[in-house]
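# Okay, sequence plus prediction incoming.
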Amino acid sequence: MPAISRLSRLVVAAAVVDSLSEPTALLCAARSYPPELAGRFELPGGKVEPGETPTQALVRELAEEVSLTVRLGTELVPPAGRAAAPPCASPAQPSAAAYGDDAPAWPVTAGLRMRVWLAEPADHTDTGTAGTSHQLLEWTALDVVTGLPWLEADVAIIDTLLEELGRLPRRF
Ligand SMILES: Nc1nc2c([nH]c(=O)n2[C@H]2C[C@H](O)[C@@H](COP(=O)(O)OP(=O)(O)OP(=O)(O)O)O2)c(=O)[nH]1
């Protein structure tokens with residue numbers, strides 16, 4: 001299996017809400033590392049490994065990172081003007097499509113690209129548990145969710161999420 005360059009590497013994350021049909025709260029995760037990102041909030045997820053589809057990777061990451069089994073909903077697709085350019089194929093770099101990662105994605109840190117799906121806990125009594133990747137997991141009411149210290153790239157994602165859920169973010 002050829003190596004995947006950093007630029008083509010896909011990150012997947014989930015906007016886990018308490019209920020896909022009647023969402024009121026979002027699962028927000030504060031990173032524990034690296035030091036410059038510690039304490040900043042993100043959507044739980046991680047990098048797609050070779051041989052995985054993006055949604056397989058997402059289900060694995062959620063189980064590993066927040067001990068949650070989820071039901072996936074629709075994808076939160078970036079608006080056209082906000083999508084990261086798909087990675088280019090080259091002799092050293094096989095087609096991005098081979099890894100299923102040439103779909104429109106959100107630009108995140110260090111040239112990585114991220115796809116985001118809505119999700120809900122498969123068992124509604126399951127609230128998740130932070131593993132080593134996160135110092136805190138918080139179910140936050142949607143009307144105050146923009147007040148958390150999100151990773152820079154997530155601010156636009158949270159705005160789009162709230163718009164799609166029919167909730168305008170509270171502007172400060
Ligand atoms: N999971 C996640 N990562 C995000 C978000 N926003 C954002 O900029 N990122 C960035 C932070 C990281 O540089 C990168 C994800 O890498 P990661 O460290 O979480 O990946 P991983 O779980 O596979 O962990 P590792 O084994 O590589 O340490 O994407 C987000 O909302 N969720």
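Received the coordinates, thanks.
# can you list the residues of this protein near the ligand?
Proximity of the chain to the ligand is confined to 11, 13, 42-43, 45-47, 108-110, 112, 114, 133, 151, 153-154 under the rule CB under 6 Å from any ligand atom. All C-beta atoms are positioned from the backbone trio N, CA, C, and that covers glycine.
# Ser19: which of these is nearest?
Proximity to Ser19 was ranked across those by CB to CB; first place goes to Leu43, at 17.0 Å.
# right, and that closest one touches Val116 too?
Yes - under the contact definition of CB atoms under 8 Å, Leu43 touches Val116, with a separation of 6.3 Å.
# now stretch 138-153, how far from the chain's geometric center?
Remark: stretch 138-153 is offset 13 Å from the chain centroid, using CA atoms, centre = their mean, to the nearest Å.
# ok, and what's touching it?
Identification of contacts with stretch 138-153 by CB atoms under 8 Å, 6 or more residues apart in numbering yields 17-18, 23-31, 37, 39-42, 106-109, 114, 127, 155, 158-159, 162, 165, 167, 169-170, 172.
# Sort the residues of the chain next to the ligand by pLDDT and name the bottom one.
Across these, the bottom pLDDT score, 77, is held by Ala110.
# Excluding chain neighbours, what is closest to the residue of the chain found nearest the ligand?
In the chain, no residue comes nearer to the ligand than Gly46, which is 2.6 Å away by CB to the nearest ligand atom. Using CB to CB, 6 or more residues apart in numbering and skipping residues adjacent in sequence, the residue nearest Gly46 is Glu61, 4.0 Å away.
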